[in-house]
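Undergrad: Provided below for reference: sequence and predicted model.
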Amino acid sequence: MSLQEDEVASFLWGAFLNVGGSISINLGTTLLKYSHNKAEEQKLRDKERLDAVLISHQWWWRIAFFIFCCGNVLNFVSFSFAAQSLLAGLGSVQFVTNVIFSYLILGSLVTPRILTATGIIVMGNVLLVLFGNHEDRDYTQRELIYLYSNTGYLVYLSLTIAAACSLHALYVVLQRKLAEGSEVTGNKRTFLPFYSKVEEKFENDDDLPAQRGRTDTYELLLPFCYAAVSGLIGTLSVMLAKSISELLRVTLKDPANDNQFLYPFPYAVLFGLIMIMGFWLYRLNKALRLFDAIFIVPVMQVIWIVFSVLSGGIYFQEFVKFDLLQFVMFFSGILLVMIGVTGLSPDKDKDQKGWQRETESVTRPSRDPRSPLKAENKMSFWDGNSDVDLLKLTRSRTRSDSSCVLAAPFSSRFHL
């Protein structure tokens, strides 16, 4: 087999493992959601018995978690066979399988909008496979260290750090400005919509439209800054994961004479991977608690894809040999993937209607004397600042329903 044939075979193996891992991650995610749904149903039927039963003790949950872990292992292995810039974009195939699994397992509604967005993602992935970097090479720890001195990567890393610091500073400023127009709840970890409070505060003010417009702008910029900082730093974990995968591959080829783990560099990379992965998971889960999933989920996913492709392409110099056609078509594929992912975001109008129905069902007094909601607690939602508590309750349930995804350093999906 020639060198070119070896590279093609390695590329195909990497793509196959990555797609298989992405499908497994999504299947595991969907089954985890299914197990949580079943647990809630059982808890409603027999609340006293199920209170002491952990979700992790259910066999559905264990199977789902095993499949999810296997998917992440496959994704990790795939990085040693193909370019990171290709695999980072190709991982979006899980958005396609999410539609299928959600329909078959969870009974989710598949709308024409979802089918259109899914088709766009498929077209983007086809372009990525056809015009992505198909070269295959092994990296030793010396070569990986040398890549850190590459001028292009040093510039990218410097800009990344500067952008992350600037966006975080802007986030802090916006947070303070928003706090001036919002009701103090005493819970610093919870970001609440406050446009109604602004209207109440300025109801007799002629400047209400200007205040509302400024508030809307702040509410868009705040989650975007949070997501951008998370993505700029968090996606470095993909590059570190590929580095570890490459070192393992070189070591396994000749463990006696070419053991890359006899040097301190791999352990420094592993430490960095663990730290950045922890930062990414923390920020992702906090984002779902702080912001509306209708906006934050697609933003986080798009940012993850973009910066995973850029960081890998620049560090491993995967764009160097691109000609003009390959460059245009590859990034057209990335653009199609981002458009498709954005199209898969929940419909805001439908989500608001569902939230209103859920609010009515929660606040409507129960006529059933056997209802666990006692008479003295029925109006507790509306005592003092309890309208805020109800808003938090219903919105948090909406977030969990519309963002059933899981986080991993090799995947852009996440879950609360």
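TA: In hand now; what should we look at?
Undergrad: for His36, give its distance to Ala64.
TA: Separation of His36 from Ala64 (C-beta to C-beta, to the nearest Å): 9 Å. C-beta here means a position set from N, CA and C on the backbone, and glycine is covered the same way.
Undergrad: quick one: which of these two has more around it?
TA: Between His36 and Ala64, Ala64 has the larger neighbour count (other C-beta atoms under 10 Å), namely 22 against 18.
Undergrad: would you check that that one makes contact with Ser35?
TA: Yes - counting by C-beta atoms under 8 Å, Ala64 does reach Ser35; the two are 5.7 Å apart.
Undergrad: which secondary structure element is home to the closest residue to Gly124 other than its chain neighbours?
TA: Take Gly124 and drop its neighbours on the chain: the residue closest to it by C-beta to C-beta, 6 or more residues apart in numbering is Leu336, 3.2 Å away. Using DSSP states H and E, Leu336 sits in helix 324-343.
Undergrad: name the helices or strands packed onto that helix?
TA: helix 84-90, helix 112-131, helix 293-315 (3 or more C-beta pairs under 8 Å, 6 or more residues apart in numbering; DSSP states H and E).
Undergrad: ok, 10 Å please
TA: helix 84-90, helix 93-101, helix 112-131, helix 293-315 (3 or more C-beta pairs under 10 Å, 6 or more residues apart in numbering; DSSP states H and E).
Undergrad: okay, now Leu154: neighbour count?
TA: 12.
Undergrad: also the one 4 residues further on?
TA: The burial count assigned to Ser158 is 10, neighbours taken as other C-beta under 10 Å.
Undergrad: please, which helix or strand holds it?
TA: Under the assignment here (DSSP H and E), Ser158 is part of helix 151-180.
Undergrad: sorry, back to before: return the most buried member of the helices and strands packed on helix 324-343.
TA: Each of the helices and strands packed on helix 324-343 was scored by mean neighbour count; the highest is helix 84-90, a mean of 27, by mean count of other C-beta atoms under 10 Å.
Undergrad: for that helix, list the C-alpha coordinates in PDB.
TA: Extracted C-alpha coordinates of helix 84-90, given in PDB (Å, rounded to 0.1, in the frame of the first residue of the first chain):
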ATOM      1  CA  GLN A  84      -8.700  17.900  14.200                       C
ATOM      2  CA  SER A  85     -10.100  20.600  11.900                       C
ATOM      3  CA  LEU A  86     -12.000  17.900  10.000                       C
ATOM      4  CA  LEU A  87     -13.200  15.900  13.000                       C
ATOM      5  CA  ALA A  88     -14.300  18.900  14.900                       C
ATOM      6  CA  GLY A  89     -16.700  19.800  12.100                       C
ATOM      7  CA  LEU A  90     -17.600  16.200  11.400                       C
END
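Undergrad: hang on, the earlier thing: now do the shared contacts for Ala64 and Ser35.
TA: Common contacts of Ala64 and Ser35 (C-beta atoms under 10 Å, 6 or more residues apart in numbering): Gln58.
Undergrad: show me what contacts Val269?
TA: When contacts are counted by C-beta under 10 Å, 6+ apart, Val269 touches Gln141, Leu144, Ile145, Met239, Leu240, Ala241, Lys242, Ser243, Ile244, Leu247.
Undergrad: quick one: which two of these are the most distant?
TA: Ile145 and Ala241 (17.1 Å; C-beta to C-beta).
Undergrad: between these two, which one's more packed in?
TA: A count of neighbours by other C-beta under 10 Å puts Ala241 above the other of Ile145 and Ala241, at 23 against 14.
Undergrad: I'd say that one and Phe76 touch.
TA: Yes - between Ala241 and Phe76 a contact is recorded at 6.2 Å, counting by C-beta atoms under 10 Å.
Undergrad: if we can go back for a sec, please pick the buried ones from the contacts of Val269.
TA: Gln141, Leu144, Met239, Leu240, Ala241, Lys242, Ser243, Ile244, Leu247 (16 or more other C-beta atoms under 10 Å).
Undergrad: the fourth one contacts Tyr267, doesn't it?
TA: In this case it means Leu240. No - look at Leu240 against Tyr267 with C-beta under 10 Å: they stay out of range, at 11.8 Å.
Undergrad: show me the contacts for the residue nearest to Leu273 when sequence neighbours are not counted.
TA: Closest residue to Leu273 apart from its sequence neighbours, by C-beta to C-beta, 6+ apart: Leu240 at 4.1 Å. Listed by C-beta under 10 Å, 6+ apart, the contact set of Leu240 reads 144, 268-277, 311, 315, 409.
Undergrad: out of these, who has the most neighbours?
TA: Ser311 (25 neighbours).
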